[in-house]
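# need coordinates for the below:
(2 chains)
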There are 2 protein chains.
Amino acid sequence: MLRSIPVDDPADPRLSPFTAMRERDLVGREGRFIVEGEVTLRVMLSDRSRFSLESILISPERAAGLDGVLAGLPEDTPVYVANKAVMSAVTGFPIHRGVLAVGLRGPQGPLVPPPVPAPCLVVGLVGLTNHDNVGGLFRNAAAFGADGVLLDAATCDPLYRKAIRVSAGAALTVPFWRLPDGAALLAFAEAHALVPLALSPAGRETLSEMVAPPRALLLLGTEGPGLPQVLMARARTVRIAMAAGFDSLNVATAGALALHHLAAARLG
Amino acid sequence: MLRSIPVDDPADPRLSPFTAMRERDLVGREGRFIVEGEVTLRVMLSDRSRFSLESILISPERAAGLDGVLAGLPEDTPVYVANKAVMSAVTGFPIHRGVLAVGLRGPQGPLVPPPVPAPCLVVGLVGLTNHDNVGGLFRNAAAFGADGVLLDAATCDPLYRKAIRVSAGAALTVPFWRLPDGAALLAFAEAHALVPLALSPAGRETLSEMVAPPRALLLLGTEGPGLPQVLMARARTVRIAMAAGFDSLNVATAGALALHHLAAARLG
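The predicted structure follows:
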């Protein structure tokens, strides 16, 4: 049974974490993040999620379909039910999906990869400021069983609303850890006996011909400038073979190709 | 030298192909399409483009940077120069990039793949209604040197504004051909001695273990329902190995993995 709390007043203070949604996407939410849409809410409510829920705001027509899922919620997690007009007034933009929730970030734990000699695959993102790309990379990291994702300071937040959605919820399940810069990512690789692999159109090895190291840190940079030279110089550099005159792949797509190759031996 | 035509009046009838842009994105443009942004305009003006330009609408600050490119235009192609406020008034939405052009579709020629025994790789899209996915697939088709793309009637238009942009211009360079349905795609494969390969989480063969046929039609369906069973039954079905409990990849990403594998023998 859904234990719902009907809400009619957009100014209801209990809904304050859902207000001014777009503006607060930009400035952050002090330990909270927003999950939107049924697919990601289901991931958030599954035991794969690394985060807990503070509250849910949902339209009556969507509440019915999620009854079974919501029944598993802790007793004290409020499920506010409001029609889409009220939801739109609260958030400040037109609500189509009718499914929103507030998640709690919790403290950032360290990323602890499986110890040597177990196989290990970690993704390292350097300077990725596009939420679609970061979301896509988390989706691909989950698809190919990566053990975690490292983010440098310049990479955008995987718990940004759109990044979670594009990740199909994988941003809620794949462990990630924020480090200051590329040098810290390389130090992490060394500490955990991971071979640093830098994916770049200027790479020396060709991906499809590379014998995958059993323990690797796959480094990905922005589509334009790519990875910093200082980082490339300290890694094995890998390129993806492409048609003549074309050296442009989306970074999340390039990451998927590399992850697939690196994980092939492990996956059924 | 840029032969520009300054325009100050948003109601100037010469700009009519640029008006009500979002509304006309939906209903079509009678033989025309819109290109936006510098990256795609450069592709449109290169000799890789399959389409010709009718006119350009550009802001003064962007015109300077594109001077060299625009100098190669035919004498009679108008380059209208207007500030972004006028451009926004014409198009009906805020213009940030300041680069727009109208392309001409021309008649749809048949897709003629390289004859037997040459290697050949064609992509077939069935029911793909998301412009990001179709744009992404064209980008990937270009990256891996596919000979062309077949579209069933339900698949959306690769010359839609956003699809061109997401394709990084590849929708302007990779030949495509519209066919009625999956059966017509299979008939095309048979007529051109292409092995039909259906990519699906339920595929019998695993991509990374498959010996790539030198001539193939790679069939891709929607992320949700996937390819129709009737089509799967008449094709070699291929799956991508993924982590346990995860069978979800973006369709453009899945297509990139398959194209990379199928094209590997051909690419340097």
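# contacts, neighbours, all on C-alpha from now
OK.
# need the strands for the stretch 101-250 of chain A, in chain order.
Assigned by DSSP state E, counting those that start in this stretch, the stretch 101-250 of chain A shows strands spanning A:120-125, A:148-151, A:176-178, A:195-199, A:205-206, A:215-220, A:236-239.
# format these as TSV; extra columns: mean pLDDT and mean neighbour count.
As requested, the strands of the stretch 101-250 of chain A are arranged in TSV below (pLDDT from 0 to 100; neighbours: other Cα atoms under 10 Å in any protein chain shown):
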stretch	mean pLDDT	mean neighbour count
strand A:120-125	98	25
strand A:148-151	98	24
strand A:176-178	97	20
strand A:195-199	97	25
strand A:205-206	96	16
strand A:215-220	98	26
strand A:236-239	96	21
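# of the ones you listed, which approaches A:Glu38 most closely?
strand A:176-178 (22.9 Å; Cα to Cα).
# what strands flank the closest one, and is each parallel or antiparallel?
strand A:148-151 (parallel) (DSSP bridges).
# contacts for the strand it pairs with next, please.
A:111, A:113, A:121-126, A:138, A:141, A:174-179, A:185 (Cα atoms under 8 Å, 6 or more residues apart in numbering or on different chains).
# and with 10 Å instead?
Residues from elsewhere that reach strand A:148-151 (Cα atoms under 10 Å, 6 or more residues apart in numbering or on different chains): A:111-113, A:120-128, A:134, A:137-138, A:141-142, A:157-158, A:171, A:173-182, A:184-185, A:188, A:217-219.
# against chain B, how distant is A:Val81?
Using Cα to the nearest Cα, to the nearest Å, one gets 28 Å for the distance from A:Val81 to chain B.
# so what's A:Gly98 up against?
Contacts of A:Gly98 (Cα under 10 Å, 6+ apart): A:36-38, A:57-63, A:81-85, A:87-88.
# cool, and A:Ser167?
Neighbouring residues of A:Ser167 by Cα under 10 Å, 6+ apart: A:40, A:131-142, A:158-159, A:173, B:249-250.
# phi first, then psi, for A:Lys84.
In terms of degrees, to the nearest 10, the main-chain angles of A:Lys84 are phi -60, psi -30.
# isn't it up against A:Arg97?
Yes: here A:Lys84 reaches A:Arg97: they are 8.7 Å apart, a contact under Cα atoms under 10 Å.
# the more surrounded of these two?
A:Lys84 (19 against 13; other Cα atoms under 10 Å in any protein chain shown).
# any idea how far the more buried one lies from A:Val99?
10 Å (Cα to Cα, to the nearest Å).
# mutual contacts of those two, please.
Shared contacts of A:Lys84 and A:Val99, defined by Cα under 10 Å, 6+ apart, are found at A:58-60.
# which ones among the residues you listed lie within strands?
A:Ile58 (DSSP state E).
# distance to chain B for the shared contacts of A:Lys84 and A:Val99 - can I get that in a markdown table?
Output for these, formatted as a markdown table (distance: Cα to the nearest Cα, whole Å):
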| residue | distance to chain B |
| --- | --- |
| A:Ile58 | 23 |
| A:Ser59 | 24 |
| A:Pro60 | 25 |
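# got any ranges where the stretch 151-268 of chain A has weak pLDDT?
A:247, A:268 (pLDDT under 70).
# show me the domain layout of chain A.
Domain assignment of chain A by automatic domain parsing yields the ranges A:4-104, A:120-263.
# out of those domains, indicate the one that is most buried.
Comparing those by mean neighbour count (mean count of other Cα atoms under 10 Å in any protein chain shown), domain A:120-263 comes out on top with a mean of 21.
# any idea how far that domain is from the middle of the chain?
Offset of domain A:120-263 from its chain centre (Cα atoms, centre = their mean, to the nearest Å): 13 Å.
# distance between the ends of it?
Using Cα to Cα, one end of domain A:120-263 lies 9 Å from the other.
# relative to B:Ala235, how far out is the nearest residue to A:Leu15 once chain neighbours are set aside?
Of all residues not flanking A:Leu15 in the chain, A:Val90 sits nearest, at 7.4 Å (Cα to Cα, 6 or more residues apart in numbering or on different chains). In this view, A:Val90 and B:Ala235 are 50 Å apart by Cα to Cα.
# and for A:Val195?
In terms of Cα to Cα, A:Val195 sits 39 Å off from B:Ala235.
# list the contacts of the spatially most central residue of chain A.
Nearest to the mean C-alpha position of chain A, by Cα atoms, centre = their mean, lies A:Ala171 at 2.7 Å. A:Ala171 makes contact with A:40, A:43-44, A:49-50, A:134-139, A:141-142, A:149, A:157-160, A:163-165, according to Cα under 10 Å, 6+ apart.
# 6 Å instead?
By Cα atoms under 6 Å, 6 or more residues apart in numbering or on different chains, A:Ala171 lies in contact with A:138, A:158, A:164.
# could I get the pLDDT score of the first one?
Translated: A:Phe138. pLDDT, A:Phe138: 98.
# go through the contacts of A:Ala171 and name the one nearest chain B.
Closest to chain B out of those is A:Phe138 (10.8 Å), distances taken as Cα to the nearest Cα.
# list the contacts for the closest one?
A:Phe138 neighbours (Cα under 6 Å, 6+ apart): A:167, A:170-171.
# recalculate using a threshold of 10 Å.
A:123, A:132, A:144, A:146, A:148-149, A:158, A:163-164, A:166-176, A:252, A:255-256 are the contacts of A:Phe138 under Cα under 10 Å, 6+ apart.
# again, but for A:Ala154
A:125-129, A:178-181.
# and for A:Thr40?
A:46, A:49, A:99-101, A:164-172.
# just say helix, strand or coil for A:Arg48.
coil (DSSP: H, G, I helix; E, B strand; the rest coil).
# before we move on, back to that, sort out for me which of the contacts of A:Phe138 are in helices.
A:132, A:163-164, A:166, A:252, A:255-256 (DSSP state H).
# a markdown table for those, including distance to chain B?
A markdown table is the format used below for the ones in helices among the contacts of A:Phe138 (distance: Cα to the nearest Cα, whole Å):
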| residue | distance to chain B |
| --- | --- |
| A:Asp132 | 11 |
| A:Ala163 | 14 |
| A:Ile164 | 14 |
| A:Val166 | 9 |
| A:Ala252 | 8 |
| A:Gly255 | 10 |
| A:Ala256 | 7 |
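# TSV for the strands of the stretch 101-250 of chain A, including distance to A:Arg24?
Output for those, formatted as TSV (distance: least, Cα to Cα, whole Å):
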stretch	distance to A:Arg24
strand A:120-125	24
strand A:148-151	22
strand A:176-178	21
strand A:195-199	34
strand A:205-206	43
strand A:215-220	28
strand A:236-239	39
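# tell me which of the ones you listed approaches A:Arg266 most closely.
Using Cα to Cα, the strands of the stretch 101-250 of chain A put strand A:120-125 closest to A:Arg266, at 9.9 Å.
# neighbouring strands - and their directions - for the closest one?
Going by DSSP bridges, the partners of strand A:120-125 are strand A:148-151 (parallel), strand A:215-220 (parallel).
# tell me which of those strands lies nearest to B:Gly28.
strand A:215-220 (38.4 Å).
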